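quick one: sequence and predicted model below, then my questions.
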Amino acid sequence: MTLHRTETAAPSGADRHPPRKERLRRRARAVAVACRAALPVAALSFGLSIPSAPASAADLATSPAAAPSFSPPSDSKWQFEAVLYGWATGINGNIGIRDLPTFPVDASFADILSHFDGAVMGSFLAKKDNWTLFADLFWSQLSASKSIDDGRGTQFDLSQRLLIVSGAAGYRLPIGGPGFDLSATAGFRYQRLTADTTLSSLGGLISLSETDVKDWLDPVFGLALQYRINEKWFLNALADVGGFGLSSSSKLTSQGLISVGYNWTEAWSTALGYRALYTDYESVTGPRSNFRYETTLHGPFMSIAYHF
């Protein structure tokens, strides 16, 4: 493109120097035009809030957009999960009754299986926004019989039932990204141990039976993690501690659980994991009547869950 310039005559002396007021008016009009042209650009820049250059460390420290943010899930509907699981528990620890010395317990799942009568294990979870409510039930029964060679046909029978009921509420912490849900939890764990003993002799003509029941309720606090690795795989973890030697509570109880699961469909999933539960409880009701129970139940588990 060629630029063309037209020569004009120089202005006369009267026009070369306009009055001061006229010069001020011209400047004001020029500033107004420049401002009107710049306003749309400024409005666009502030509306997008996107820096055109990398932010410095000072900018990141003071910019609200750069601060860690947490948005609650957009879906405010209740989500439920019903779980059935099998926990192959072994037990290690020490148990003492009455004024007898404490004796160690070391039994694997294979040892326990030979005395296994039955069990019920399951949990239920409800979730909405940042809140999670969950409950867990574990019940098992073991039995054993031993014949005593005393010439009178004496036999000793033992049946033991263990009930563990847990409940807690969790609130999601403002950390992590999508698919990472870490919640602080508070709740309870109730344990009830029932032992039925029978000593019979002379073909049942002489029989002595006794039932001992020990139960305690522990407040527990902990953390629960649900991490969605992708659309199919997920990871769950749980840890808590409680008891604290309160009235009618254990000296200390703690639990740890971790599992890896797979979503087969939107409604069904399975998981494999490992769970351990430690309890240190003591009850003294008389000079010769006390109960000491310091054990760890532990072992792998498998679960199947229905989501609705």
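Ah, there it is. As the structure is a computational prediction, the values presented were derived from the model and not from experiment.

for the stretch 201-308 of the chain, which segments count as helices?
Assigned by DSSP state H, counting those that start in this stretch, the stretch 201-308 of the chain shows no helices.

what's around the residue nearest to Leu272 when sequence neighbours are not counted, how many residues?
When the adjacent residues along the chain are set aside, Leu272 lies closest to Met302, with 5.5 Å between them (CB to CB, 6 or more residues apart in numbering). The way it works is simple: take the backbone N, C-alpha and C, and place the C-beta from them, glycine included. When counting by other CB atoms under 10 Å, one arrives at 14 neighbours for Met302.

list the residues that contact Met302.
85-86, 270-272 (CB atoms under 8 Å, 6 or more residues apart in numbering).

which members of those residues are classed as buried?
85, 270-271 (16 or more other CB atoms under 10 Å).

can you tell me which residues contact Lys146?
Here Lys146 is in contact with 155-156 (criterion: CB under 8 Å, 6+ apart).

element containing it, please.
strand 131-148 (DSSP states H and E).

which is the next helix or strand following that strand?
Downstream of strand 131-148, the first helix or strand assigned by DSSP H and E is strand 154-172.

only the buried residues of that following strand, if you could.
So for strand 154-172, counting by 16+ other CB under 10 Å, buried means 155, 159-164, 166, 168, 170, 172.

model confidence over that strand, on average?
Averaging pLDDT along strand 154-172 yields 91.

for that strand, packing partners?
strand 131-148, strand 180-201, strand 206-228 (3 or more CB pairs under 8 Å, 6 or more residues apart in numbering; DSSP states H and E).

can you dump the C-alpha atoms of it in PDB for me?
Listed next in PDB are the C-alpha coordinates belonging to strand 154-172 (Å, rounded to 0.1, in the frame of the first residue of the first chain):
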ATOM      1  CA  THR A 154     -16.400 -85.600  82.600                       C
ATOM      2  CA  GLN A 155     -16.700 -83.200  79.700                       C
ATOM      3  CA  PHE A 156     -16.100 -79.500  79.500                       C
ATOM      4  CA  ASP A 157     -18.100 -77.500  76.800                       C
ATOM      5  CA  LEU A 158     -17.400 -73.900  75.900                       C
ATOM      6  CA  SER A 159     -19.400 -71.600  73.600                       C
ATOM      7  CA  GLN A 160     -18.300 -68.000  73.000                       C
ATOM      8  CA  ARG A 161     -20.100 -65.200  71.100                       C
ATOM      9  CA  LEU A 162     -18.500 -61.900  70.200                       C
ATOM     10  CA  LEU A 163     -20.600 -58.900  69.100                       C
ATOM     11  CA  ILE A 164     -19.100 -55.700  67.800                       C
ATOM     12  CA  VAL A 165     -21.300 -52.800  66.700                       C
ATOM     13  CA  SER A 166     -19.800 -49.600  65.400                       C
ATOM     14  CA  GLY A 167     -21.300 -46.300  64.300                       C
ATOM     15  CA  ALA A 168     -19.800 -43.000  63.200                       C
ATOM     16  CA  ALA A 169     -20.400 -39.700  61.400                       C
ATOM     17  CA  GLY A 170     -17.800 -38.200  59.100                       C
ATOM     18  CA  TYR A 171     -17.400 -34.700  57.600                       C
ATOM     19  CA  ARG A 172     -15.300 -34.200  54.500                       C
END
